[in-house]
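Visitor: dropping a prediction and its sequence here:
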Amino acid sequence: DTAVSQTPKYLVTQMGNDKSIKCEQNLGHDTMYWYKQDSKKFLKIMFSYNNKELIINETVPNRFSPKSPDKAHLNLHINSLELGDSAVYFCASSQETGYNGYTFGSGTRLTVV
Amino acid sequence: QKEVEQDPGPLSVPEGAIVSLNCTYSNSAFQYFMWYRQYSRKGPELLMYTYSSGNKEDGRFTAQVDKSSKYISLFIRDSQPSDSATYLCAPNNAGNMLTFGGGTRLMVKP
């Protein structure tokens, strides 16, 4: 039973399209995150969200928006995709922000052509 | 200067070797120190977690923190091919989002 699951696993799309990546966690965690991992394997925080607060990394373009229908889900919407958005996107969750470590999903490999 | 820095490697060692992976950070307020392991095409998984300075041992793995020099180490004894992965350090404060180093890729050859 997967703790943090992301769909789709792979996503190939054209520039200018709008796409969404879904994330669900069944751990009962309070906080969920989106990270972007570039080709050099550098993991960069994009968003942190619990039912009270959304924290946005100021470097994230506003074409990216998280949407949380409930505590167990945090989806990532991307508008007007660009070539530079190609990366692996990881969803994660934690019980308290940063204290006990995060549980990560297996990633969504996005390729923009 | 990045907040957390690691040598990207790759670090290639023979099976059975002792491996030393290192990480430096700039924020003196960090109190929690985590190591994540990431296999190819998988998400990172928490390997070890320590609080403040000192050592922590878990099987073949030892995490060492020196807050005075802002230096974190992970030692792997009797390394195995299954240890081949990228190792990410993540120093942190409780209540803040994790900031990761760029990771060190380790290859253990049979």
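Guide: Received it, and whenever you're ready, just let me know what you need.

Visitor: the strands in chain A, which residues?
Guide: A:4-7, A:10-13, A:19-25, A:31-37, A:43-49, A:54-56, A:64-67, A:75-78, A:87-94, A:103-104, A:108-112 (DSSP state E).

Visitor: oh, I was asking about chain B
Guide: Going by DSSP E, chain B shows strands at B:4-5, B:11-14, B:19-25, B:32-38, B:45-51, B:54-58, B:61-66, B:71-76, B:85-92, B:104-109.

Visitor: that older thread, the strands of chain A: lowest mean pLDDT?
Guide: In terms of average pLDDT, strand A:54-56 trails the rest of the strands of chain A, at a mean of 81.

Visitor: quick one: buried residues of that one?
Guide: residue A:55 (16 or more other C-beta atoms under 10 Å in any protein chain shown). C-beta: built from backbone N, CA, C; applies to glycine.

Visitor: so it, near chain B or not?
Guide: Yes - counting by C-beta under 8 Å from any C-beta of the partner chain, chain B is contacted by strand A:54-56 at residue A:55.

Visitor: partners of the nearest residue to residue A:90 once chain neighbours are set aside in the sheet?
Guide: Nearest non-adjacent residue to residue A:90, counting by C-beta to C-beta, 6 or more residues apart in numbering or on different chains: residue A:35, 4.5 Å away. Beta-bridge pairing for residue A:35 (DSSP bridges): residue A:45, residue A:90.

Visitor: okay but residue A:35 is in contact with residue A:48, surely?
Guide: No - between residue A:35 and residue A:48 there is no contact under C-beta atoms under 8 Å: 10.0 Å.

Visitor: which residue is the nearest non-sequential neighbour of residue B:42?
Guide: residue A:106 (5.8 Å).

Visitor: show me the contacts for the one you found.
Guide: Applying C-beta atoms under 8 Å, 6 or more residues apart in numbering or on different chains to residue A:106 gives the contacts A:5-6, A:9, B:41-43.

Visitor: how close does residue B:50 sit to chain A?
Guide: 11 Å (C-beta to the nearest C-beta, to the nearest Å).

Visitor: residue B:63 is in contact with that residue, correct?
Guide: Yes - using C-beta under 8 Å, residue B:50 is in contact with residue B:63, at 5.0 Å.

Visitor: what's the overlap in contacts for these two?
Guide: With C-beta under 8 Å, 6+ apart, residue B:50 and residue B:63 have common neighbours B:33, B:56.

Visitor: residues in contact with residue B:2?
Guide: With C-beta under 8 Å, 6+ apart, residue B:2 has these contacts: B:26, B:102.

Visitor: again, 10 Å this time
Guide: Applying C-beta atoms under 10 Å, 6 or more residues apart in numbering or on different chains to residue B:2 gives the contacts A:42, B:24-26, B:99, B:101-102.

Visitor: state the pLDDT value of it.
Guide: For residue B:2, the predicted pLDDT is 75.

Visitor: one step back: the residue nearest to residue A:90 and residue A:102 touch, don't they?
Guide: Yes - Residue A:35 lies in contact with residue A:102 (C-beta atoms under 10 Å); the separation is 8.8 Å.

Visitor: common neighbours of the two, please.
Guide: A:90-92, B:43-44, B:97-98, B:100.

Visitor: farthest-separated two in those?
Guide: B:43 and B:97 (16.3 Å; C-beta to C-beta).

Visitor: any idea how far chain A is from the closest residue in space to residue B:53 that isn't next to it in sequence?
Guide: Computed as C-beta to C-beta, 6+ apart, the closest residue to residue B:53 that is not its neighbour in sequence is residue B:67, at 4.6 Å. Counting by C-beta to the nearest C-beta, the gap from residue B:67 to chain A is 17 Å.
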